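Visitor: need a structure here:
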Amino acid sequence: MVAAAVGRDNGRRHTICHRGAHPRRNRPTIALGLAAPAPGRRRAGNAPTVAARRACAHPFPGTNAPSRATGLTLTQLWNERSIHVIGYDHAVKTPERTTVGTRERIVRATSRLLQRQGYEGTGVKQISREAEATLGSVYHFFPGGKQELAAEAIRHGDEEFAVLLRAGLGSSPDPGEAVLVCTRMLARELRASDWQDGCPVSTTALETAGRAPEIERAVAAAYANWRAIVVDHLVAAGIGTQDAAELAGTVICTLEGAELAARIACSEEPLLVSGKHLARLLGTYTGAQR
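Guide: As a prediction, this is how the structure comes out:
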């Protein structure tokens, strides 16, 4: 959760909206829609502005529907990577982190291209153009070339999917309902991309299996991270550790396969149907009837 506090400095009010932030007087705090008043003006008490109240009024927490406050979806905000988390990991931009360095642009460009056209269809020159960086910069940051770039893009995809998982699973203490939210989020994001943005991790893994050890290690770490996130949620719901570990593998494999099927069919149905049956499966362990 983002912490918001209002303090005083030389008689002026300032707002701190995230841990470790330095006070910045008279500068808008976009994350919560709060802003320190201009000199000579005061706002009664610590009441938030209208924008602050709307920032938390997401139409359906844990989904990719646009926020009324920012007008941006979870995917768009994550792609900005200038995020904080409100409620169910609902991301909003902050003015402190809007600058994206060259290395980060290269990683994001690589991830996008791997999502849409795969490892073999993506070249270093195309990554350079997409990232608006010189070839020299690409090889400066990634002397290992395309394989090193792909491994880093997979780590980026790992983080991106982990954000979605935590958001969906955090939407309900009931594992079945939480997994349903995850599948709805994936379906809406995929539809919003016109069925183009698949998972860069699985896509790259399939094309490089057995011939790119660095990529294989990054893929294995990503899947282990996702399973661990699901395990934590299942254990918290009262499912035994061994069962939780096995169910987590089932959930992740089903989500990844259903996303691929949805992309091929240009339809949300594979994800939504998979979510329904995963919820029923998890209900047999928690006693929830569906």
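
Visitor: CA atoms for contacts and neighbours, from now on please.
Guide: Will do.

Visitor: From Leu180, how far out is Arg108?
Guide: 28 Å (C-alpha to C-alpha, to the nearest Å).

Visitor: ok, the two, which is more surrounded?
Guide: Leu180 (24 against 21; other C-alpha atoms under 10 Å).

Visitor: so what's the backbone phi/psi at the more buried one?
Guide: Dihedral pair for Leu180: phi -60, psi -40, per degrees, to the nearest 10.

Visitor: what pLDDT does the closest residue to it other than its chain neighbours get?
Guide: Counting by C-alpha to C-alpha, 6 or more residues apart in numbering, Leu180 lies nearest to Gly275, which is 4.9 Å off, once chain neighbours are set aside. Per-residue pLDDT puts Gly275 at 97.

Visitor: contacting residues for Gly275?
Guide: 179-180, 182-183, 255 (C-alpha atoms under 8 Å, 6 or more residues apart in numbering).

Visitor: of those residues, closest to Gln147?
Guide: Of all the contacts of Gly275, Gln147 sits closest to Leu255, with 25.8 Å by C-alpha to C-alpha.

Visitor: give me the number of residues near that closest one?
Guide: That count, for Leu255 with other C-alpha under 10 Å as the rule, works out to 22.

Visitor: before we move on, back to that, buried ones in the helix or strand hosting the residue nearest to Leu180, by neighbour count?
Guide: Secondary structure assignment for Gly275, by DSSP states H and E: helix 269-286. Of all the residues in helix 269-286, those buried under the rule 16 or more other C-alpha atoms under 10 Å are 269-272, 274-276, 278-283, 285-286.

Visitor: what do you get for stretch 131-143?
Guide: 131, 133, 138-139, 141-142.

Visitor: Identify the residue nearest Leu260 in space, chain neighbours excluded?
Guide: For Leu260, the spatially nearest residue (C-alpha to C-alpha, 6+ apart) is Gly198, at 6.9 Å.

Visitor: need the contact list for the one you found.
Guide: 115-116, 190, 259-260, 263.

Visitor: and it, which of the three is it?
Guide: coil (DSSP: H, G, I helix; E, B strand; the rest coil).

Visitor: I'd like to know which helix or strand in the protein has the lowest mean pLDDT.
Guide: The helix or strand of the chain with the poorest confidence is strand 84-86; it has a mean of 30 (mean pLDDT, DSSP states H and E).

Visitor: separation between Asp174 and Thr284?
Guide: Taking C-alpha to C-alpha as the criterion, Asp174 is separated from Thr284 by 12 Å.

Visitor: quick one: the helices in the stretch 101-250 of the chain?
Guide: Taking DSSP state H, counting those that start in this stretch as the criterion, the stretch 101-250 of the chain contains helices spanning 102-117, 124-131, 135-141, 146-169, 175-192, 200-208, 213-236, 241-265.

Visitor: Those helices: lowest mean pLDDT?
Guide: helix 200-208 (a mean of 91).

Visitor: got the angle between that helix and helix 102-117?
Guide: Relative orientation of helix 200-208 versus helix 102-117 (axes from the mean of the first three to the mean of the last three C-alpha atoms, to 10 degrees): 70 degrees.

Visitor: tell me what helix 200-208 is packed against?
Guide: Judged by 3 or more C-alpha pairs under 8 Å, 6 or more residues apart in numbering; DSSP states H and E, helix 200-208 is in contact with helix 102-117, helix 146-169, helix 213-236.
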